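Participant: would you be able to build a 3D model of this:
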Amino acid sequence: MDDSTAILKCRAGETEAFSHLVRRYQSEAIGHAVAILGSLDDALDAVQDAFLDAYQAVGRFDVSRRFYPWLYTILRNRCFEMLASRQKQAAAGADAVEILARTTEDSGGVAASIVDRALRELAAEDRELLTLKHLDGLSYDELAERLGIPAGTVMSRLYYARKRFREKVLTLEETLDCRERNDE
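Facilitator: This is a model prediction of the structure:
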């Protein structure tokens, strides 16, 4: 069943048709939510809430458009609401998750660890943008559609996000190099 058919069936009262959309997009949504929130538990909550919101608003969805970008907008809003709430509560010690999978524990593992830590230390907006561009492979136009901003703004934000990421990686590498020299 395609997405449009599932949505039309939902509108006709076949609530089970929505499970097709959940099964199809749940993993992708969780990955995106983890990239923004940095916590698997929070990501699971945000994804569940986003699917519930989408289900309740399915009557307003334009079936001529693709479903996931619409769901992503809902999910993104949920994630940033959670971040704002988290900041207001000043919750300390939020769980950090591995954004990039580690393949080895040798020097490649160290590089992956540096990349992972640099991503975690970025602002959520930068992490989101870099994840969508470099891990999901979205084009500038796709990013613009997904984020609801002009492509030129995407390019500018991506430029600065990459710059901040590079600076974090270099700082972490320098810190590691200093520790290694001190250990010798």
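
Participant: break this structure into its domains for me.
Facilitator: Split into domains by automatic domain parsing, the chain comes to 1-97, 98-184.

Participant: going along the chain, name the helices of the protein.
Facilitator: Along the chain, the segments classed as helices by DSSP state H run 3-11, 18-37, 40-56, 67-89, 107-121, 124-130, 140-147, 151-183.

Participant: worst average pLDDT in the ones you listed?
Facilitator: In terms of average pLDDT, helix 107-121 trails the rest of the helices of the chain, at a mean of 76.

Participant: and that helix, what does it pack onto?
Facilitator: For helix 107-121, the packing partners by 3 or more Cβ pairs under 8 Å, 6 or more residues apart in numbering; DSSP states H and E come out as helix 124-130, helix 151-183. Where C-beta positions appear, they are placed from N, C-alpha and C, glycine not excepted.

Participant: which strands or helices does the shortest one pack on?
Facilitator: Counting contacts by 3+ Cβ pairs under 8 Å, 6+ apart, the secondary-structure elements packed against helix 124-130 are helix 18-37, helix 67-89, helix 107-121, helix 151-183.

Participant: re earlier: most tightly packed of the helices and strands packed on helix 107-121?
Facilitator: Burial of the helices and strands packed on helix 107-121 is given as mean neighbour count (mean count of other Cβ atoms under 10 Å); helix 124-130 ranks first at a mean of 20.

Participant: which residues touch that one?
Facilitator: Residues from elsewhere that reach helix 124-130, judged by Cβ atoms under 8 Å, 6 or more residues apart in numbering: 32, 35-38, 76, 79-80, 83, 99, 119-120, 122, 143, 147, 154, 157-158, 160-162, 164-165.

Participant: again with stretch 8-21
Facilitator: 1, 3, 5-7, 51, 54-55, 58-59, 63, 67, 71.

Participant: apply 7 Å and report the result again.
Facilitator: 1, 3, 6, 55, 58, 59, 63, 67 (Cβ atoms under 7 Å, 6 or more residues apart in numbering).

Participant: any idea how far the most centrally placed residue in the chain is from residue 110?
Facilitator: Nearest to the mean C-alpha position of the chain, counting by Cα atoms, centre = their mean, stands residue 32 at 2.6 Å. Relative to residue 110, residue 32 is positioned 27 Å away (Cβ to Cβ, to the nearest Å).
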